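Enquirer: task: produce atomic coordinates for the following.
(2 chains)
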Amino acid sequence: MNQNSFNPKARWDRFEPEKPGGFNPDDLAERIEVLAYFKHARIYPRAFTWNNKEYRIDAVTYNWQERLGQALINYFSVNSSGQMYQLSFNNSTFRWQIDKIIS
Amino acid sequence: MILHIDMDAFFASIEQAINPRLKGKPLIVGSRGNRMRTVVCAASYPAKALGIHSGMPTREAFRICPGLEFVAADQAKYIWTSERILEMLRGYAWPLNYASIDEFQLDIGPHPEPLKLAAQIREQIYANFNITASVGIGKNWLLAKLASKLNKPDGATLISEANFSDILSRAPLTKLCGMAGKTGQILMTQGLKTCWDLYLKMPGYFDENPGKFEEAGQNPDLPKSLGHSYTLPKPQINHRVIRAWLRVLSEMVGERLRRQDLTSRTVHLWLNFPQDGYFAAQKTFSIATNDSYEIYLRSLKIMARIPQKAHKIRALGVTASHLNRQTYLPLLTEEKRREALIKAFDRINSRFGDNSIFPAQVILTHK
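Expert: Numbering: from 1, shown residues only, chains lettered A, B, ... in the order given. Have a look, this model is predicted:
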């Protein structure tokens, strides 16, 4: 049976922010500090500090990964006090960032 | 016996798992952030119930349901989830076919309790990813895929010898793979309304058409074609911009050919005009290539065949076919220089990520 019949690596989702310029909650890419623990090769973010405000993470609703060149980016959609955020961790630069506010 | 797993509204379900606020709501996933100028990539079941479907312009979807939720697609998370599901299914050690991003097939042989197995797989998917799948089981791929569509979402159907006539007589012909388009329409006009009608007319149909992967199994490592298409944010008449998009698509096709060590002799170009239908043509060249720039030049040659130049273009696609393994070694100095340049290009993009370096012409697509 054919085990190589589908290759999902084709990219078609070139993101175009709807409101370019100014504050765009869909395209923040701001560096943040994150309190997380690493266990059994998995990452569990617990809290993050953004603009000098601390956000406790109540739940991680989903996580996924993407390889960008040699870097592996770990993404997390998290819930903090009823608001959803997307955070990411670059395992090559060890940088955490807030990607967007999920509305 | 084949077990076909079809994820339910895959992209929309993942977005609902990410953002629980969207659960149970009519939701569409569009191919980019500009919600009114794109097409529906995926629709949740509440949206499907309103008549919204994949491929529909989002403007029309919002006209049907002004309160529709919209999420811009992010393919990384769909690919990651799909690959994790594939990995999970590999654990079953049966022959596995990766049919598409949201479809998987297991050849489970003469399994004593296929429905129990289907329930186990569905539970495992839900526990790990918080999304649902529908499972169909049949003696071949065609019947298994049909079965997966009959109890959606989050269901399982077994088509066995015992219930064959009963299930097929309740299954509309259009549910059968390959019957949703013109073929189905023609057969419907001949009075074939259900899959059972087709079986009565052509008893061997379900045996003679066992399914795709038997057909594709001759050379599993060599794809038939590789292509990319793109719907522009708005119809475009500026030929410089259209050519820049052709370049983008040619770069993507070329990059994939090189990654798989393939070359192509035939380029297929497809253009969609908002008013006047579409243009599609292909040309086979004597020399095979995987150079993106050469693919781009070949696409331009095909595009030159369009009789009237002043067309607005809505969507375009470039496909490479007649694929073969790379065997040609460059001899001329210019060819060697070109190959070194392409390799350097690929190395940079593979180290720093896609589009870290790109031809200057591509910048026109960023506006």
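Enquirer: quick one: the helix or strand containing A:Gln97 near chain B?
Expert: Take DSSP states H and E as the rule and A:Gln97 turns out to sit in strand A:95-102. Yes - contact of strand A:95-102 with chain B (C-beta under 8 Å from any C-beta of the partner chain) involves A:Ile102. Using the backbone N, CA and C atoms, a C-beta is placed for each residue, glycine as well.
Enquirer: so is stretch A:27-36 next to chain B?
Expert: No - on the criterion C-beta under 8 Å from any C-beta, stretch A:27-36 is out of touch with chain B, staying 8.7 Å away.
Enquirer: could you list the buried residues of that stretch?
Expert: Neighbour-count burial for stretch A:27-36, counted by 16 or more other C-beta atoms under 10 Å in any protein chain shown, picks out A:28, A:32, A:34, A:36.
Enquirer: just those: which are in strands?
Expert: When DSSP state E is applied, the buried residues of stretch A:27-36 are split such that A:34, A:36 fall in strands.
Enquirer: can the buried residues of stretch A:27-36 go into TSV with extra columns for pLDDT and distance to B:Ile14?
Expert: Shown next, in TSV, are these (pLDDT from 0 to 100; distance: C-beta to C-beta, whole Å):
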residue	pLDDT	distance to B:Ile14
A:Leu28	82	21
A:Ile32	95	24
A:Val34	96	23
A:Ala36	95	23
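Enquirer: so which residues make contact with stretch A:86-101?
Expert: Applying C-beta atoms under 8 Å, 6 or more residues apart in numbering or on different chains, the contact partners of stretch A:86-101 are A:25-34, A:36, A:43, A:45, A:48, A:50, A:70-78, A:83-85, A:102.
Enquirer: now stretch B:326-346, how far from the chain's geometric center?
Expert: With C-alpha atoms, centre = their mean, to the nearest Å as the basis, stretch B:326-346 stands 32 Å off its chain's centre.
Enquirer: which residues of the chain fall in helices?
Expert: Picked chain A for this. Using DSSP state H, no helices are found in chain A.
Enquirer: that answer is for a different chain, and I need it for chain B
Expert: Per DSSP H, chain B carries helices over the ranges B:10-18, B:45-49, B:58-64, B:75-90, B:114-129, B:141-149, B:164-170, B:182-189, B:195-201, B:205-208, B:212-216, B:239-259, B:292-303, B:333-352.
Enquirer: let me know the angle separating the strand holding A:Gln97 from helix B:10-18.
Expert: 100 degrees (axes from the mean of the first three to the mean of the last three C-alpha atoms, to 10 degrees).
Enquirer: considering the helices of chain B, which stretch scores lowest in mean pLDDT?
Expert: Per-stretch mean pLDDT for the helices of chain B is lowest at helix B:212-216 (a mean of 45).
Enquirer: could you list the low-pLDDT ranges of chain A?
Expert: For chain A, applying pLDDT under 70 flags the ranges A:1-23.
Enquirer: distance check, the closest residue to B:Thr194 other than its chain neighbours against B:Cys195.
Expert: Spatial nearest neighbour of B:Thr194, excluding adjacent residues (C-beta to C-beta, 6 or more residues apart in numbering or on different chains): B:Ser169 at 5.5 Å. Distance of B:Ser169 to B:Cys195, given as C-beta to C-beta, to the nearest Å: 8 Å.
Enquirer: so what sits against both of the two?
Expert: The contact sets of B:Ser169 and B:Cys195 do not overlap (C-beta under 8 Å, 6+ apart).
Enquirer: near the residue nearest to B:Thr194, how many other residues are there?
Expert: B:Ser169: 14 surrounding residues under other C-beta atoms under 10 Å in any protein chain shown.
Enquirer: spit out the contact partners of it.
Expert: Counting by C-beta under 8 Å, 6+ apart, the residues that B:Ser169 touches are B:194-196.
Enquirer: what sits against A:Val78?
Expert: Applying C-beta under 8 Å, 6+ apart, we find A:Val78 in contact with A:45, A:48, A:57-61, A:84-87.
Enquirer: apply 7 Å and report the result again.
Expert: Taking C-beta atoms under 7 Å, 6 or more residues apart in numbering or on different chains as the contact definition, A:Val78 lies against A:45, A:57, A:59-60, A:85, A:87.
Enquirer: and A:Asn52, by the same measure?
Expert: Per C-beta under 7 Å, 6+ apart, neighbours of A:Asn52: none.
Enquirer: who does B:Phe70 bridge with?
Expert: Listed beta-bridge partners, B:Phe70: B:Ile28 (assigned using DSSP bridges).
Enquirer: isn't it right up against B:Arg35?
Expert: Yes - under the criterion of C-beta atoms under 7 Å, B:Phe70 makes contact with B:Arg35 at 4.5 Å.
Enquirer: test my guess that B:Val29 contacts B:Cys41.
Expert: Yes - assessed by C-beta under 7 Å, B:Val29 is found in contact with B:Cys41 at 4.8 Å.
Enquirer: anything in contact with each of these two?
Expert: Residues touching both B:Val29 and B:Cys41 by C-beta under 7 Å, 6+ apart: B:11, B:73.
Enquirer: higher neighbour count, the two?
Expert: Using other C-beta under 10 Å, the more surrounded residue of B:Val29 and B:Cys41 is B:Val29, with 27 against 23.
Enquirer: got the domain ranges for chain B?
Expert: Here the domain assignment for chain B is B:1-160, B:164-216, B:225-366, based on automatic domain parsing.
Enquirer: point out the most buried one among the ones you listed.
Expert: Stretch with highest mean neighbour count among the domains of chain B: domain B:1-160 (a mean of 19; mean count of other C-beta atoms under 10 Å in any protein chain shown).
Enquirer: tell me the contacts of A:Phe76?
Expert: A:45, A:60, A:63, A:87.
Enquirer: hey, what's it bridged with?
Expert: Applying DSSP bridges to A:Phe76, the residues it is bridged with are A:Asn63, A:Leu87.
Enquirer: tell me the bridge partners for B:Thr319.
Expert: Counting by DSSP bridges, the residues bridging with B:Thr319 are B:Gly227, B:His268.
Enquirer: need the pLDDT of it.
Expert: Model confidence at B:Thr319, given as pLDDT, is 94.
Enquirer: so which bits of stretch A:88-102 are buried?
Expert: Burial within stretch A:88-102, assessed by neighbour count using 16+ other C-beta under 10 Å, is assigned to A:88-89, A:96-100, A:102.
Enquirer: quick one: B:Lys201 from B:Lys193, how far?
Expert: From B:Lys201 to B:Lys193 the distance is 11 Å (C-beta to C-beta).
Enquirer: scratch that, A:Ala71 is what I was asking about
Expert: Using C-beta to C-beta, one obtains 54 Å as the distance from A:Ala71 to B:Lys193.
Enquirer: check B:Ile287 too.
Expert: Counting by C-beta to C-beta - B:Ile287 and B:Lys193 are separated by 51 Å.
Enquirer: isn't B:Leu262 right up against B:His322?
Expert: No - with contact defined as C-beta under 7 Å, B:Leu262 does not reach B:His322; the gap is 10.2 Å.
Enquirer: B:Ser134 reaches B:Ala147, doesn't it?
Expert: No - contact criterion C-beta under 7 Å: B:Ser134 and B:Ala147 do not qualify, at 8.9 Å.
Enquirer: one step back: dump the C-alpha coordinates for the strand holding A:Gln97 into PDB.
Expert: C-alpha atoms of strand A:95-102 as PDB (Å, rounded to 0.1, in the frame of the first residue of the first chain):
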ATOM      1  CA  ARG A  95      12.900  32.900  22.900                       C
ATOM      2  CA  TRP A  96       9.300  33.000  24.100                       C
ATOM      3  CA  GLN A  97       6.900  35.400  22.400                       C
ATOM      4  CA  ILE A  98       3.200  36.300  22.300                       C
ATOM      5  CA  ASP A  99       2.000  35.800  18.800                       C
ATOM      6  CA  LYS A 100      -1.600  37.000  19.000                       C
ATOM      7  CA  ILE A 101      -4.700  37.500  21.100                       C
ATOM      8  CA  ILE A 102      -7.200  34.900  20.000                       C
END
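Enquirer: good, wrapping up.
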